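J.: Output the structure for:
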Amino acid sequence: MARRTLRTLLFLLAGVPIGMLALAVLVAGWVVVPILAITPLVIPALVAFRWAVGGVAWLDGQVANRLLDTSVEPTLRSPGPSGFWRSGLNVLSDASFWQQQAYLMVRQSVGLVVAIAEWSLLVASLGAVTLPIWYRWSAHDLVGWDADTLGRALLGVPIGIAGLAIALLLVGPIAAVSRSLVEALLGDVAQSVTPAPAVVNENRRRTLTVHAIATGSLNAFLIAIWAFTSHGYFWPKWTLLALGLPLAIHAWVVFVEERPDLMVRGRMTRTIALEEGIALCLSMFFVLIWAFTGGGYFWPLWPILAVALVFTIHAAVEFSRRGSRISQLEKSRAGVVEQQETDLARIERDLHDGAQARLVALGMSLGMAKQKLASDPAAAEALLAEAQRGTRDALEELRSLARGIRPPILADRGLAAAIGALADRTPLEVNVAVDLSRRPPSAVESAAYFVAAEGLANAGKHANATRVDIAVREDGRELVVEILDDGNGGADIRGTGLQGLARRVEALDGRLTVTSPDGGPTTITAVIPCAS
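T.: As a prediction, this is how the structure comes out:
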């Protein structure tokens with residue numbers, strides 16, 4: 001009990017330097033980011049701000065893990081698609097970024113007040129308990145009267161004991177509230193399944209509510225300081241403005257994330273919707289600064305025009321990319337349809353020339369055996385044996401055809417087993433390395449399998465290879481399949497087999513590359529998005 005109390009008090013004490021560091025990071029971040037908002041430098045500023053907020057949150061999280069027995073690992077960066085502009089949007093749409101800011105606001109405002117109050121009560125109570133020892137050598141004013149005699153100093157003992165009791169009784173609730181805040185706002189619990197959209201929206205709204213409460217609490221605290229110290233210049237308006245900007249941006253991000261119809265109506269993409277709201281928030285921010293400084297020449301016109309220009313240019317680029325993307329998808333869809341027709345024609349041909357022909361022969365053999373059963377039993381027995389062999393051959397043809405559509409072993413046991421079975425059926429020396437933390441979606445898994453199958457077949461039929469290395473791995477949100485052979489090279493991606501693979505991969509928004517100089521080696525690489 002005593003150890004837990006001491007650890008809680010140390011956590012409160014650690015909040016003083018951490019709170020000051022958090023205040024410096026938040027003020028610096030939300031001053032620099034709006035200033036650079038009209039330039040591309042805002043993106044590295046946002047990323048650096050994200051790292052700084054995450055770093056302070058991680059530091060305080062480690063303190064909480066050691067002193068409050070929590071188990072949190074605050075993230076330092078925002079996940080999401082790569083790219084210069086996307087990295088900034090990843091930060092703005094990252095719920096943990098806003099949660100960490102809300103926590104740091106509470107830590108450096110309410111937490112700082114609680115820490116000072118608790119430690120002041122504790123130190124003052126200890127001083128009152130020991131007042132009979134030191135009252136002769138120091139100032140000894142106690143509760144409004146001088147403790148200048150031993151009798152008066154002894155009166156401080158019961159007051160100090162009562163203060164100590166109150167201070168120690170407060171430790172438990174303070175520890176519980178602190179632990180709940182740390183786990184709720186700094187926790188990063190991984191989920192094995194993708195949460196339902198309703199759960200995601202609820203988490204976003206809860207984070208926004210916490211952010212709003214933290215901002216309101218800090219502003220109320222600063223307004224109270226202004227009210228108790230003076231009634232002159234209302235300086236808290238600057239903190240209201242500075243803290244209101246990130247809250248407004250956070251609210252807009254949540255609004256856009258919960259309104260998918262905004263991405264459809266008026267051809268507005270999610271990126272453009274986010275940037276439009278951020279541009280409006282920044283414009284209002286500049287106008288309010290102008291108003292707070294006394295008006296005069298309307299200088300916010302120039303940063304607003306700059307923000308509008310950047311927004312317009314980026315919107316034009318975004319719509320241009322969207323048009324290019326639509327053209328690419330139309331081309332990919334046409335290629336998939338053509339490839340599907342080719343595959344259906346191949347399946348029909350294989351059924352007609354293979355299994356169907358064997359089944360027709362099987363029927364004829366059974367008919368002839370029936371005719372000879374009474375007159376020539378030996379001939380009938382030979383025909384039945386031939387029919388049995390035909391049955392086995394037809395079944396093997398159908399199994400081979402099924403493997404060409406989707407091998408059962410792939411559906412049952414996954415990529416590693418399916419590619420391993422491919423390697424076992426080839427006379428080449430094949431090394432297979434599959435490193436996946438989870439099974440990819442079915443369509444991605446099938447595409448990866450057929451890339452490996454086609455690469456292995458090409459190495460044996462055309463490249464005169466003796467060794468093939470097949471590697472399947474995850475790279476972020478993408479699945480990478482790489483086939484390397486030691487053959488004579490010269491493979492052409494425009495060939496029928498590789499062209500079909502390229503269409504299959506492109507249909508999943510992936511890409512297929514072939515590097516095959518004359519003399520070898522040949523490397524086939526397929527990169528397929530597999531985020532679920």
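J.: what's next to stretch 202-212, contact-wise?
T.: With contacts defined as CB atoms under 8 Å, 6 or more residues apart in numbering, stretch 202-212 is touched by 95, 98-99, 101-102, 184-185, 195, 246-247, 250-251, 254, 257-258. Where C-beta positions appear, they are placed from N, C-alpha and C, glycine not excepted.
J.: Which members of the residues you listed are classed as buried?
T.: By neighbour count, with 16 or more other CB atoms under 10 Å, these hold Ala95, Trp98, Gln99, Gln101, Ala102, Leu185, Pro246, Leu247, His250, Val254, Glu257 as buried.
J.: hang on, the second one is in a helix, isn't it?
T.: When you say that, I think you mean Trp98. Yes - under DSSP: H, G, I helix; E, B strand; the rest coil, Trp98 falls within a helix.
J.: any idea how far it is from Gly29?
T.: 12 Å (CB to CB, to the nearest Å).
J.: that older thread, out of the buried ones among the contacts of stretch 202-212, what pair is the most spread apart?
T.: Leu185 and Glu257 (18.8 Å; CB to CB).
J.: Not counting its neighbours along the chain, what's nearest Leu168?
T.: Distances taken as CB to CB, 6 or more residues apart in numbering put Thr5 closest to Leu168, at 6.4 Å, once the chain neighbours are dropped.
J.: Would you mind giving both backbone torsions of that neighbour?
T.: Backbone geometry at Thr5, expressed as degrees, to the nearest 10, gives phi -60, psi -40.
J.: Pretty sure it sits against Leu169.
T.: No - counting by CB atoms under 8 Å, Thr5 stays clear of Leu169, with 10.4 Å between them.
J.: Give me the pLDDT for the residue nearest to Leu168.
T.: Note for Thr5: predicted pLDDT of 83.
J.: residues touching the closest residue to Ile43 other than its chain neighbours, list them.
T.: Distances taken as CB to CB, 6+ apart put Gly88 closest to Ile43, at 4.1 Å, once the chain neighbours are dropped. Applying CB under 8 Å, 6+ apart to Gly88 gives the contacts Val42, Ile43, Leu46, Val47.
J.: Would you mind splitting this protein into its domains for me?
T.: Domain ranges of the chain: 2-188, 333-405, 410-529, per automatic domain parsing.
J.: Least confident of the ones you listed, on average?
T.: domain 333-405 (a mean of 62).
J.: if we can go back for a sec, which of the contacts of Gly88 count as buried?
T.: Using 16+ other CB under 10 Å, the buried members of these are Val42, Ile43, Leu46, Val47.
J.: Among those, which one sits closest to Ser120?
T.: Distances from Ser120 to those, taken by CB to CB, are shortest for Leu46, at 38.7 Å.
J.: Which helix or which strand is home to that closest one?
T.: helix 42-67 (DSSP states H and E).
J.: Centroid-nearest residue for this protein?
T.: In the chain, the centroid-proximal residue (CA atoms, centre = their mean) is Pro79; its distance is 4.0 Å.
J.: quick one: the residue nearest to it when sequence neighbours are not counted from Leu169, how far?
T.: Excluding its sequence neighbours, the residue lying closest to Pro79 (CB to CB, 6+ apart) is Asn90, at 6.8 Å. According to CB to CB, Asn90 stands 45 Å off from Leu169.
J.: Which one's more surrounded, these two?
T.: Set side by side, Asn90 and Leu169 show more neighbours around Asn90, with 20 against 9, by other CB atoms under 10 Å.
J.: Show me where the stretch 401-532 of the chain has its strands.
T.: All strands of the stretch 401-532 of the chain, identified by DSSP state E, counting those that start in this stretch, fall at 429-435, 467-475, 478-485, 511-515, 522-529.
J.: Tabulate the buried ones among the contacts of Gly88 in TSV, adding columns for distance to Asp60.
T.: Listed next are the buried ones among the contacts of Gly88 as TSV, based on distance: CB to CB, whole Å:
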residue	distance to Asp60
Val42	27
Ile43	27
Leu46	21
Val47	21
